[in-house]
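A.B. asks: requesting a structural model of the entry that follows:
(chains A and B, ligands or ions: 1)
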Amino acid sequence: MRDVHCVLHAPQGDTYADLLFTMIARSAKRPPVTYTTFQARDLGGDTAELVRKTLQDTVQRFKPRALLVGEACTAELIQDQPGAMAEGMGFDIPVVPLELPAFTRKENWGASETFFSLVRALLRGHKPAERPAMTGRRPRANLLGPTMLGFRCRDDVTEVTRLLASVGVDVNVVAPAGAAPEDLLRLPEADFNVCLYPEVAYSTCAWLERMFQQPTVKTVPIGVGASRDFLLEVGQVAGIDPAPAIAAAQTRLPWYSRSVDSTYLTGKRVFIFGDATHVIAAARVATEELGFEVVGLGSYSREFARELRAAAEGYGVEALITDDYLQVEARVLELAPELVLGTQMERHIAKRAGIPCAVISAPVHVQDFPARYAPQMGFEGANVIFDTWVHPLMMGLEEHLITMFREDIEFNDEAAPSHLGPAARQGGAQTRAEPAADDDAEGAGADDAIIWDSDAEKELRKIPFFVRGKARRNTERFARERGVATITVETLYDAKAHFGR
Amino acid sequence: MTDVSLQGAAQAGHPAAAASACNVDLPVTRERGQRQVFCGLAGIVWLHRKMQDAFFLVVGSRTCAHLLQSAAGVMVFAEPRFATAILQDRDLAGLADCNEELDRVVTELLARRPDIGTLFLVASCPSEVIKLDLDTAAERLAASQQGRVQILAYSGSGLDTTFTQGEDTCLTALVPRMPELPAAERSLLVLGTLPDIVEDQFARLFAEIGIAPVHFLPPRKAAELPPVGPGTLLLAAQPFVGETAAALAKRGATLIEAPYPFGIEGSRAWFAAAAAAWGLPAERVEAAIAAPVARAERGLANYREQLAGKRISFLPDSQLEIPLGRFLSRECGMQLTEVGVPYLDRRMMAAELELLPAGLRLTEGQDLERQLDRLRQDRPDLTVCGLGLANPLEAEGLTTKWSIELVFSPVHGFDQAADLAELFARPLNRRQRLAF
Ligand code: SF4
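C.D. replies: Below is the predicted model:
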């Protein structure tokens, strides 16, 4: 958010949180957070004084227009109550103390609660706005829920803005991502709210509905069907006929899915795990739009357990609600699906198990912030989903080839899709860790005259597999050029020094 | 904390610390305020790669679990041998419950992973604040495992440890378990994690020089700890292992004072100091290192051209700032604009301080915003900093080198001298190549 600054009472290691923004989302600015970074020596003395000084310095330096004050789990234990302290310091900006019991609740809940506290603090006491009737003007909507670290939020906001424009609706405020306190003050000017990510925005939407009579659009437009439903719901709330817009929508997913080369996708067994919003949406896309079979689903979003259970029941499976990745791993191994749709955590699990995987939900990774436009929502989002989910799977034709040439080395049934490279072969990590013949084939045999002595060979093995091939080739070239018949450890390093220049 | 005291306690009881060797002329500015640095838990990322039979169980909060994941995500992609036991509300209510819960988690873990030979229970800020005694827990659990698994405790909490200091606390915990070196024997003990490939190079050079046996701490298997005793000569390969050095000194080891083996000068002095302490003539060293030195000279020449005259600032982060600054200024011709260290351990840095240029701006501790103000004023050609700051500084037009790579890449010794220089040349090189 803009013009909002957060002071966090936390030990020094907790500053790693900045890294989520600067390295994972590649933010060009530091997040507006100042940490007290107290240490053991402070605990004996006056941590409260440290908090006071940090608050003072922060307000002076950054001049925010609203101040959030929170404490990390460790600080919670020492009970300095920085929120109350900040409120008592007479700042002339809104001060919002955050009560986030870090030992019982998690990130999404924290984001939801923070957003809600801020909106409430800023809008409390505001009269329900007199909104002019919607007739004769374009309706306005708030897009609530996108965050900087949310899964593809950046592009979803653009896509949903387009989707709304296609039925003649303007966007009033997008929040929390990128919003300033002034923007939040304008929230009541919208005719309705779009709850894009219920994990973050549900409580805020419910409160706004009560306070300002703003209806909430609840359909999350992920997939072709849900995007159409979304427009229908918007139409209802805004009194617009969305039919022409739906008819004009451009999306390739339905045709690609019907195309005969997609036949092999039929009944692919898929396991889905992530936040509730993305899991429920993904299950619908997987079954209705790609013809997969959902063999299991689950989520770490305990707050939405009821919705998840209901969805799971529809697919005849039981929802796994847990934040223990070992349980998820056990379930994946037990079900042995052909595709895993999950978070980065499930990607690791799937990799270990040698199962293809696509990422559909936060927690995010630097790869989840692609340079290209890659939304999940709306009609373009559906195109993106088709590509991302189908890509990791063995292509249909390739599958046939493998059956035909089962006995050949290139096409044994251990082989992974060729376009994923040698590292993706079945068994993933384990296979790779062994001194596999991944790079050696090209070097061996090519040089009849040059011999590696056993120490040099061992030394070569210590070089990471992905550069080992190059090291071998370079060393042999170096040896050949100098007429060295036996490569020793010395030769290896001489060559390294030579080519390193 | 190591940085509580500059002179007194830190040097007391250390046989080899020669107070007179300190570069007393070098003024140090001490700062306090917001820090931007990992806590000691980050050390788990390279320690678990080094000790292949060890598992690290952090007893902490979600924040700790998150830190480990993000630190590890940036650094490695392997099957993790680390995890976090997350303290829950009910654990906080009573220590008895908490211990019970810990026992359950550990027993399950050990049953599931029979490959674990050594388990480290790692304390965090929350476990320390609630005064959960992990040393006692480790003893209790080891007894219940009937010696099948070695169980140790140490602290990686942000209250006590800054980034690489987590290795120091971990290794300190290993010292009491090390076997006794038989009285009449002597050995060289190299202290501080080195990548295997560097360790092997060093072992070969020591053998050629004529020093044997040579042991390394940490070892590749935590179950195979090297011996220590009055016959031990201790040679630190990393500057952040001061507490471990002190603990080893208590068991009779003698610390060899030397610069750290970065660059040709540092590596040569390091081997020379070891040989001198072992009673071997300097010629032996020169003969053994001649070829690697020549290679390193050739490798460095190119980068020296790219780096010479460039201005560099180090933000306090890994504790490697002083030896690396020394290497870059003396061997690569760079100008040190500011060198910041999280804490200054004069005992471990004595030989390095000697080699720093006079008039250097050396700061200890951190007050982040003020430090950034200075940095913006200095506008050095290259800034060495943690990952949280690198991108925002790049966006301000400053070229950066992120420091974590310096901790886990092979950068020690002769055959890596050019690689080390290259790490600093690369961001400059990249800046030059890109059209925007
Ligand atoms: S600073 Fe403390 S609470 Fe934060 S990650 Fe490190 S050990 Fe955990």
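
A.B. asks: which residue packs closest to the one residue in chain B that gets nearest to chain A, ignoring adjacent ones?
C.D. replies: Chain A sits closest to B:Cys39 of chain B, with a gap of 2.4 Å, by C-beta to the nearest C-beta. (C-beta placed from N, C-alpha, C; glycine too.) Excluding its sequence neighbours, the residue lying closest to B:Cys39 (C-beta to C-beta, 6 or more residues apart in numbering or on different chains) is A:Gly13, at 2.4 Å.

A.B. asks: can you pull the pLDDT of A:Gln213?
C.D. replies: Note for A:Gln213: predicted pLDDT of 92.

A.B. asks: how near is it to the ligand?
C.D. replies: Distance, A:Gln213 to the ligand, by C-beta to the nearest ligand atom, to the nearest Å: 43 Å.

A.B. asks: all strands of the stretch 151-300 of chain A, in order?
C.D. replies: For the stretch 151-300 of chain A, the strands defined by DSSP state E, counting those that start in this stretch occupy A:170-175, A:192-195, A:216-217, A:269-274, A:293-299.

A.B. asks: picking up where we left off before, mind listing what the residue of chain B closest to chain A touches?
C.D. replies: Shown in contact with B:Cys39 (C-beta atoms under 8 Å, 6 or more residues apart in numbering or on different chains): A:11-14, B:67, B:124-125, B:156-158, B:161-163, B:166.

A.B. asks: pLDDT below threshold where in the chain?
C.D. replies: You didn't say which chain, so I picked chain A. A:44, A:100-107, A:128-130, A:394-448, A:464-467, A:501 (pLDDT under 70).

A.B. asks: that's the wrong chain, I meant chain B
C.D. replies: Across chain B, the ranges flagged by pLDDT under 70 are B:1-25, B:72-79, B:89-93.

A.B. asks: report how many residues lie close to whichever residue of chain A sits closest to chain B.
C.D. replies: Ranked by C-beta to the nearest C-beta, the top residue of chain A for proximity to chain B is A:Gly13, at 2.4 Å. Neighbour count for A:Gly13, taken as other C-beta atoms under 10 Å in any protein chain shown: 33.

A.B. asks: my guess is it contacts B:Leu41. True?
C.D. replies: Yes: between A:Gly13 and B:Leu41 a contact is recorded at 6.3 Å, counting by C-beta atoms under 8 Å.

A.B. asks: report the set of residues contacting both of these two.
C.D. replies: Counting by C-beta under 8 Å, 6+ apart, the shared contacts of A:Gly13 and B:Leu41 are B:Cys64, B:Leu67, B:Ser157, B:Gly158.

A.B. asks: neighbour-wise, give me the winner out of these.
C.D. replies: With neighbours defined as other C-beta under 10 Å, the most crowded of the shared contacts of A:Gly13 and B:Leu41 is B:Gly158; it has 34 neighbours.

A.B. asks: surely that residue and A:Asp42 touch.
C.D. replies: No: assessed by C-beta under 8 Å, B:Gly158 is found out of contact with A:Asp42, at 11.4 Å.

A.B. asks: list the residues that contact B:Ala203.
C.D. replies: Counted by C-beta under 8 Å, 6+ apart, B:Ala203 has contacts B:Val214, B:Phe216.

A.B. asks: now do 6 Å
C.D. replies: B:Val214 (C-beta atoms under 6 Å, 6 or more residues apart in numbering or on different chains).

A.B. asks: which stretches in chain B count as strands?
C.D. replies: For chain B, the strands defined by DSSP state E cover B:28-31, B:54-60, B:82-86, B:118-123, B:150-155, B:187-191, B:214-217, B:232-236, B:254-255, B:311-314, B:335-341, B:362-365, B:382-385, B:400-402.

A.B. asks: one more: the stretch 351-500 of chain A?
C.D. replies: Going by DSSP E, counting those that start in this stretch, the stretch 351-500 of chain A shows strands at A:357-359, A:451-452, A:486-487.

A.B. asks: show me what the longest one is packed up against.
C.D. replies: Under the contact definition 3 or more C-beta pairs under 6 Å, 6 or more residues apart in numbering or on different chains; DSSP states H and E, strand A:357-359 sits against helix A:344-353.

A.B. asks: got the buried residues for the helix it packs on?
C.D. replies: Residues A:Gln344, A:Met345, A:Glu346, A:Arg347, A:His348, A:Ile349, A:Ala350, A:Lys351, A:Arg352, A:Ala353 are the ones in helix A:344-353 that count as buried (16 or more other C-beta atoms under 10 Å in any protein chain shown).

A.B. asks: distance from the chain centre to the helix of greatest length in chain B, please.
C.D. replies: In chain B, taking DSSP state H as the definition, the longest helix is helix B:282-307. How far helix B:282-307 lies from its chain's middle: 24 Å, per C-alpha atoms, centre = their mean, to the nearest Å.
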